[in-house]
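Enquirer: Kindly return the folded structure for what I paste below:
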Amino acid sequence: MDLGEVFNIFDKVTLPKGNVRPGFTSYHIYLTLNECAKSPSGRKALSNVLGIGEGSVRTLVRRLSEVGLIAVDPVAGVLLTEAGFEVLRLLMSRLIVAGSFDLGYGEICRDCRMSAVLLRDGVRLVSQVGGVLYVRDLIVRKGGTGGLILYYVDGVFMLPNSYGLYKVIDQGFWRDILGGFKIFEGDSVLVSVCRKGDRNCLMYVVEAALDVLRGATQ
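Expert: Okay, the predicted model is just below:
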């Protein structure tokens with residue numbers, strides 16, 4: 001299986017029925033696979049984690065079961081199949097969720113929330129799908145009030161713009177944000193900037209990152 005096949009599966013799961021679009025997106029599929037990889041989960045628990053209603057969770061679980069990514073045990077709950085683990089491993093080899101954090105200070109944003117993901121080989125991928133401005137606008141179209149793209153080049157975080165690359169002053173801040181994840185030459189960090197308390201902030205940047213991966217496979 002490759003990423004192209006993964007996105008074909010995602011398209012099948014999120015396909016509208018008639019004129020009705022499901023109440024979930026590729027982000028919710030990614031989150032469901034990630035959550036069920038930790039341990040089997042019930043629908044109510046998934047509803048809390050995904051931030052969508054139990055009706056939408058039932059539809060999502062049914063469709064993921066139909067494509068063979070999950071199985072439902074009447075006692076244990078929803079758990080990943082071998083195919084589900086394979087899809088998740090493929091995605092996590094390219095896309096790592098760093099998480100969300102609120103800021104009350106700083107030059108980037110004040111009294112806001114930021115959510116970040118690490119995109120493996122992101123310098124090449126961002127360039128391939130349309131460049132920094134395109135991906136930054138993509139994050140905004142997904143719902144963020146702003147977007148930020150960092151490149152990891154020559155062992156440091158760089159801020160790209162139309163004039164070139166500029167070394168980020170506070171390197172330690174971004175290393176802390178990424179926690180214990182290893183960062184490799186050519187990786188990039190995608191960030192959604194949101195209003196403080198926006199519970200969907202992470203969704204905006206994960207969906208944008210998934211679109212970047214999707215575009216790079218076409």
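
Enquirer: For the rest of this, base every contact and every neighbour count on C-alpha atoms.
Expert: Will do.

Enquirer: end to end, how far does stretch 70-81 reach?
Expert: Distance between the two ends of stretch 70-81: 5 Å, counting by Cα to Cα, to the nearest Å.

Enquirer: who's in contact with that stretch?
Expert: 33, 36-37, 39-43, 61, 64-65, 68-69, 84 (Cα atoms under 8 Å, 6 or more residues apart in numbering).

Enquirer: For these, give me JSON lines that also has neighbour count and distance to residue 194.
Expert: Below are these laid out as JSON lines (neighbours: other Cα atoms under 10 Å; distance: Cα to Cα, whole Å):
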{"residue": "33", "neighbour count": "22", "distance to residue 194": "25"}
{"residue": "36", "neighbour count": "20", "distance to residue 194": "28"}
{"residue": "37", "neighbour count": "18", "distance to residue 194": "28"}
{"residue": "39", "neighbour count": "13", "distance to residue 194": "30"}
{"residue": "40", "neighbour count": "17", "distance to residue 194": "32"}
{"residue": "41", "neighbour count": "19", "distance to residue 194": "29"}
{"residue": "42", "neighbour count": "18", "distance to residue 194": "30"}
{"residue": "43", "neighbour count": "18", "distance to residue 194": "28"}
{"residue": "61", "neighbour count": "21", "distance to residue 194": "29"}
{"residue": "64", "neighbour count": "23", "distance to residue 194": "30"}
{"residue": "65", "neighbour count": "19", "distance to residue 194": "34"}
{"residue": "68", "neighbour count": "15", "distance to residue 194": "35"}
{"residue": "69", "neighbour count": "22", "distance to residue 194": "32"}
{"residue": "84", "neighbour count": "22", "distance to residue 194": "31"}
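
Enquirer: Specify which member of these is nearest to residue 127.
Expert: Of all the contacts of stretch 70-81, residue 33 has the smallest distance to residue 127: 28.3 Å, by Cα to Cα.

Enquirer: nearest residue to that closest one other than its sequence neighbours?
Expert: Leaving out its chain neighbours, the residue that sits closest to residue 33 by Cα to Cα, 6 or more residues apart in numbering is residue 88, at 6.4 Å.

Enquirer: So that neighbour: helix, strand or coil?
Expert: helix (DSSP: H, G, I helix; E, B strand; the rest coil).

Enquirer: Many thanks, I have nothing further to ask.
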